[in-house]
Every structure is written in C-alpha cells, then in structure tokens.
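Novice: model this:
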Amino acid sequence: MTPELTALATLVAFQIVLGIATTAVVSTRTGTQYLYSSREATDVDLTTGLVGRMHRARINTFEALIYFTPTVAIIALADASSATTVAAAWTFVAARALYVFCYAFDLVPWRTYIWTVGILAVAVMLGSAVL
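Specialist: Residues are numbered from 1 along each chain as shown. Take a look at the predicted model:
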C-alpha cells in the first residue's frame, strides 16, 4: 500500500471515530431515546453549540474525502508517489484533524487557515501527480 493510501485509510478511520464522537455529543443533549428513534422529533435542536459544530465538521470531512480520495487513487494508479505527495497527503490528514478540533471549539479564524492548508495540500498532490 502506498503511503498516500495509508493516509487515506487513516482519514477514513478518523471519520469513523468522528462519527462516534459526534453521536456521543448528540446523546448528551438528547439522551439515548433520541438515538434509538427515527429522529423525526421536531423539538430537538442539533444545529447549535458543540453538537451543531461537530455535525458540520463531520459533514465537511465527508466532503473533503470527495477530493482527497480520487487524488490518492490517481497517484496510486499512475505510480506517481513521491516525497512531495506523501508529505502533502499527511499534511492533509493532519489539517483535517486540526480543522475538526478548531471547528468543534469555535476557534475562528484558525479553522479557515487550516482548511486552506488542507486544500492546498490536495492541490500539491494532484499537481505533482499530473505534471
């Protein structure tokens, strides 16, 4: 497995942990009955505070996987792995973890700076693979 694929696997594992952590945070607000329900309750606000920020950070990380995954696949299929693509892949993974932390704890403007580092890392990976 290439180092970039290992970074991708790490990010997928992180996303699983983030989903579990988000569910745990939701349960502190709603109780476990809500988690066992069809979630059609209209009196539960999951859009504000830590619950809302965790949920949005999780969704944003899913969106980040949309451009990171094919970039890693391109690198693997083109046999284009290099020190640059490896460093950029791990930079992206680290940026995602820091981004989620900053988003969850409302650390503005840091989350935007970290998001920018992550997207630039993917651009570097893609550029290195196709040029």
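Novice: quick one: low-confidence ranges for the chain?
Specialist: 41-42 (pLDDT under 70).
Novice: Which stretches in it count as helices?
Specialist: Secondary structure of the chain (DSSP state H): helices located at 3-30, 32-36, 49-77, 83-104, 110-130.
Novice: which of the ones you listed is buried the deepest?
Specialist: helix 83-104 (a mean of 20; mean count of other C-beta atoms under 10 Å). Any C-beta I mention is one placed from the backbone N, CA and C, and that applies to glycine too.
Novice: Helix 3-30 and that one, what's the angle between them?
Specialist: If you take axes from the mean of the first three to the mean of the last three C-alpha atoms, to 10 degrees, helix 83-104 sits at 10 degrees to helix 3-30.
Novice: For helix 83-104, what is the distance to the chain centroid?
Specialist: Put simply, helix 83-104 sits 9 Å off its chain's centre (C-alpha atoms, centre = their mean, to the nearest Å).
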